[in-house]
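**Student:** How does the following fold in three dimensions:
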Amino acid sequence: MKNITEQNIARTDRPIKVVQFGEGNFLRAFVDYMIDIANEKGVFDGNIAIIKPISFGSLERFDKQNNLYTVVLRGKENSQTVNDKRVITSVSKVLDAADDYEEYMALAELDSLRFVVSNTTEAGIVLDKSDSIEGLPSSYPGKLTKFLYKRFMKFGADANKGLIVLPVELIENNGGKLKECVLALSDIWKLPDEFKAWINEKNIFCSTLVDRIVTGYPGAETASKIYEEIGYTDELIDVGEPFALWVIESDKDISSEIPLDKAGLPVVFTNDQKPYRERKVRVLNGAHTSSVLAAYLCGFDIVRDCMYDPIMGKFIRSVVRTEIAPQVNLPADEVLAFADSVFERFENPFIDHALLSISLNSVSKWKARVLPSFKDYVKNNGELPRLITFSFAALLAFYTSSELIDRTLIAKRANGDTYSVRDDENVLKFFAENSGKASSEFVKLASSNEGFWGEDLSLYEGFTTEVTKWYDLICMDAVKALKTVVEA
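**Tutor:** Predicted structure coming up:
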């Protein structure tokens with residue numbers, strides 16, 4: 001079978017308007033996919049230069065395929081099965097920041113450049129005061145600061161040469177925090193005040209919220225089936241779900257410069273993304289975190305199977321519809337419509353979303369994703385939310401183990417199979433030291449741990465009593481406990 005480069009795929013020579021820090025699966029199936037469609041529809045006329053910002057990994061596959069790759073979107077949308085495929089042609093260059101340093105830095109002097117996109121993980125937008133402007137800075141904020149300074153040195157304070165920065169790292173106020181890092185490094189590196197004024201006044205740092213599940217290159221068996229469907233091989237196939245949402249927050253309206261919404265793409269321009277973030281974190285992420293630990297203890301392994309089970313599926317839909325969604329500060333019909341789209345995504349017949357992968361760092365996830373709904377429910381209803389309270393008990397049951405090996409807690413399911421609990425070292429140490437105590441004492445210690453939750457949850461009336469009841473039932477028979485709470 002021929003490969004993708006032998007398919008006589010038409011490419012258009014467009015100016016490079018976007019520099020992208022990160023060559024990973026998500027950006028390629030999200031931002032690059034959208035820009036490719038916008039180019040095709042004639043609402044955007046610009047290509048992308050991708051920068052590999054860290055030394056780990058290789059660009060060999062990009063070189064071999066002339067930066068061409070296929071995005072495959074598979075799943076359910078509006079009750080219909082979707083299996084779409086698109087060859088992305090809008091990536092002009094893929095460079096290694098270290099190995100291709102001169103060519104990478106030359107991009108800063110491009111007259112056509114207007115946007116910087118990044119996905120360097122949540123740990124990427126962190127100020128490293130020891131970073132140096134000499135050579136290639138080690139941190140992403142360092143690389144961006146030097147890149148912007150290079151542009152400033154070329155064009156001066158020209159207002160038209162400032163850039164629009166669009167980080168998609170999954171942290172709140174990602175644009176604001178990245179700007180803070182750039183300004184802090186400017187001070188540390190003693191860069192001119194004129195540069196800092198240019199950063200403040202002529203560059204736009206947007207905070208963004210993104211949503212799409214991207215699983216990347218499929219397993220060998222699935223890849224072979226896709227090759228048969230598309231008629232060529234592609235070592236960079238990128239698989240994701242049809243659903244997508246990109247919320248872009250900025251003080252200045254940038255919608256005319258990157259009018260992805262005009263191409264029919266799910267992009268929202270706003271001056272306040274908080275309601276959208278709350279909806280996504282509470283409904284989508286909250287649905288995951290409030291259910292996967294109980295589901296795993298009940299014998300499930302992937303999200304889709306949970307949705308099709310009459311009891312587990314009812315739990316997930318009920319906790320979202322009755323306890324989480326009503327607390328979101330948006331019109332009820334809009335939130336419930338989003339919830340329905342989430343359930344459809346969870347049923348995706350093409351994605352085996354492992355519960356154990358979602359379980360990573362569940363203590364901090366429960367605090368960020370579920371606790372706000374818990375607190376609002378209590379405030380608005382004057383009583384404990386039954387299903388969310390059950391989810392807290394399931395978290396404790398999932399983490400129950402005294403066996404801590406190499407920063408991993410080794411626990412057991414009812415069938416005797418062991419599984420690994422991964423979280424911060426202090427979290428794992430707490431559970432290893434306290435799991436052997438009487439359940440009421442264990443629940444009290446866990447609930448009152450302000451380091452975990454930011455407050456003492458045992459102060460909520462009846463909370464520890466309810467959690468202990470459900471905890472004991474889950475440890476005795478998780479399936480029976482789930483059925484009991486759903487039918488209560």
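**Student:** so how far is Thr81 from Tyr72?
**Tutor:** Check again: residue 72 is Val, not Tyr. Val72 sits 13 Å away from Thr81, going by Cβ to Cβ, to the nearest Å. Yep, even glycine has a C-beta here, placed from its N, CA and C like the rest.
**Student:** Likewise for Gln20?
**Tutor:** 31 Å.
**Student:** Between the two, tell me which one has more neighbours.
**Tutor:** Using other Cβ atoms under 10 Å as the criterion, Gln20 and Thr81 rank with Gln20 on top: 24 against 12.
**Student:** Show the contacting residues for the more buried one.
**Tutor:** For Gln20, the contact set (Cβ atoms under 8 Å, 6 or more residues apart in numbering) comprises 27, 31-32, 48-51, 116-118.
**Student:** Can you check the distance spanned by stretch 67-87, start to finish?
**Tutor:** End-to-end span of stretch 67-87 (Cα to Cα, to the nearest Å): 10 Å.
**Student:** Pull out the buried positions in that stretch.
**Tutor:** Residues of stretch 67-87 classed as buried: 67-77, 86-87 (neighbour count, 16 or more other Cβ atoms under 10 Å).
**Student:** Okay, now the unreliable bits of the stretch 51-200 of the chain?
**Tutor:** For the stretch 51-200 of the chain, the stretches with pLDDT under 70 are 122.
**Student:** mind listing the helices for it?
**Tutor:** According to DSSP state H, counting those that start in this stretch, the stretch 51-200 of the chain carries its helices in the segments 60-64, 101-106, 140-155, 174-188, 193-202.
**Student:** What are the contacting residues of the first one?
**Tutor:** Residues from elsewhere that reach helix 60-64 (Cβ under 8 Å, 6+ apart): 5, 23, 50, 91, 94, 235-236.
**Student:** that older thread, wait, which of the contacts of Gln20 is closest to Asn203?
**Tutor:** Taking Cβ to Cβ as the measure, Asn203 lies nearest Val116 of the contacts of Gln20, at 9.0 Å.
**Student:** What's the local residue count around the closest one?
**Tutor:** For Val116, the neighbour count with other Cβ under 10 Å is 23.
**Student:** Quickly list what the spatially closest residue to it that is not a sequence neighbour is bridged to.
**Tutor:** The spatially closest residue to Val116, leaving aside those adjacent along the chain, is Val165, at 4.7 Å (Cβ to Cβ, 6 or more residues apart in numbering). Beta bridges link Val165 to Val116, Phe205, judged by DSSP bridges.
**Student:** Let me see the contact set for Pro97.
**Tutor:** Actually, residue 97 is Ala. It isn't Pro. 51-54, 104, 136, 143.
**Student:** can you do 6 Å?
**Tutor:** Shown in contact with Ala97 (Cβ atoms under 6 Å, 6 or more residues apart in numbering): 51, 53, 104, 136.
**Student:** Go through those and say which is closest to Tyr296.
**Tutor:** Nearest to Tyr296 among these, with distances taken as Cβ to Cβ, is Pro53, at 34.5 Å.
**Student:** Confirm for me that that closest one is in contact with Val19.
**Tutor:** No. Counting by Cβ atoms under 6 Å, Pro53 stays clear of Val19, with 10.8 Å between them.
**Student:** Tell me where the stretch 201-350 of the chain has helices.
**Tutor:** Under DSSP H, counting those that start in this stretch, the stretch 201-350 of the chain gives helices at 220-230, 274-279, 286-297, 303-308, 310-318, 332-346.
**Student:** Tell me which of these sits most buried.
**Tutor:** helix 286-297 (a mean of 27; mean count of other Cβ atoms under 10 Å).
**Student:** same for that helix, what does it pack against?
**Tutor:** helix 310-318, helix 355-358, helix 386-398 (3 or more Cβ pairs under 6 Å, 6 or more residues apart in numbering; DSSP states H and E).
**Student:** Next, the angle from it to helix 386-398.
**Tutor:** 50 degrees (axes from the mean of the first three to the mean of the last three Cα atoms, to 10 degrees).
**Student:** Could you list the alpha-carbon positions for helix 286-297 in PDB?
**Tutor:** Output in PDB follows, covering the C-alpha atoms of helix 286-297 (Å, rounded to 0.1, in the frame of the first residue of the first chain):
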ATOM      1  CA  GLY A 286     -17.300  16.300  37.000                       C
ATOM      2  CA  ALA A 287     -19.300  13.500  35.400                       C
ATOM      3  CA  HIS A 288     -16.100  11.600  35.000                       C
ATOM      4  CA  THR A 289     -14.700  12.200  38.500                       C
ATOM      5  CA  SER A 290     -17.900  11.500  40.300                       C
ATOM      6  CA  SER A 291     -18.400   8.200  38.600                       C
ATOM      7  CA  VAL A 292     -15.300   6.400  37.400                       C
ATOM      8  CA  LEU A 293     -14.000   5.300  40.800                       C
ATOM      9  CA  ALA A 294     -17.300   3.700  41.800                       C
ATOM     10  CA  ALA A 295     -17.600   2.200  38.300                       C
ATOM     11  CA  TYR A 296     -14.100   0.700  38.400                       C
ATOM     12  CA  LEU A 297     -14.800  -0.900  41.800                       C
END
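**Student:** How many neighbouring residues does Gly46 have?
**Tutor:** If we define neighbours as other Cβ under 10 Å, then Gly46 has 19 of them.
**Student:** shouldn't it be in contact with Val19?
**Tutor:** No. Contact criterion Cβ under 6 Å: Gly46 and Val19 do not qualify, at 10.9 Å.
**Student:** how close does the residue nearest to Asp251 when sequence neighbours are not counted get to Glu441?
**Tutor:** Spatial nearest neighbour of Asp251, chain neighbours left out: Asn271 (6.5 Å); criterion: Cβ to Cβ, 6+ apart. Asn271 sits 49 Å away from Glu441, going by Cβ to Cβ.
**Student:** returning to what we had before: could you tell me which of the contacts of helix 60-64 count as buried?
**Tutor:** Buried subset of the contacts of helix 60-64 (neighbour count, 16+ other Cβ under 10 Å): 23, 50, 91, 94, 236.
**Student:** Out of those, flag the one nearest to Gln327.
**Tutor:** Glu23 (38.3 Å).
**Student:** what about the stretch 201-350 of the chain, any weak spots by pLDDT?
**Tutor:** Applying pLDDT under 70 to the stretch 201-350 of the chain flags no residue at all.
**Student:** Of Asn271 and Glu441, which one has the most company?
**Tutor:** The neighbour count for Asn271 versus Glu441, taken as other Cβ under 10 Å, is higher for Glu441 (12 against 9).
**Student:** then the helix or strand harbouring that one to CSV, C-alphas only?
**Tutor:** In this assignment (DSSP states H and E), Glu441 forms part of helix 439-447. The C-alpha coordinates for helix 439-447 follow below in CSV (Å, rounded to 0.1, in the frame of the first residue of the first chain):
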residue,chain,number,x,y,z
SER,A,439,-14.1,3.2,58.8
SER,A,440,-15.6,6.0,60.9
GLU,A,441,-12.2,7.2,62.0
PHE,A,442,-10.8,6.8,58.5
VAL,A,443,-13.6,8.8,56.9
LYS,A,444,-13.3,11.5,59.5
LEU,A,445,-9.6,11.9,58.9
ALA,A,446,-10.0,12.0,55.1
SER,A,447,-13.0,14.4,55.2
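**Student:** Could you list every helix and strand in contact with it?
**Tutor:** Where contact means 3+ Cβ pairs under 6 Å, 6+ apart, helix 439-447 is packed against helix 463-476.
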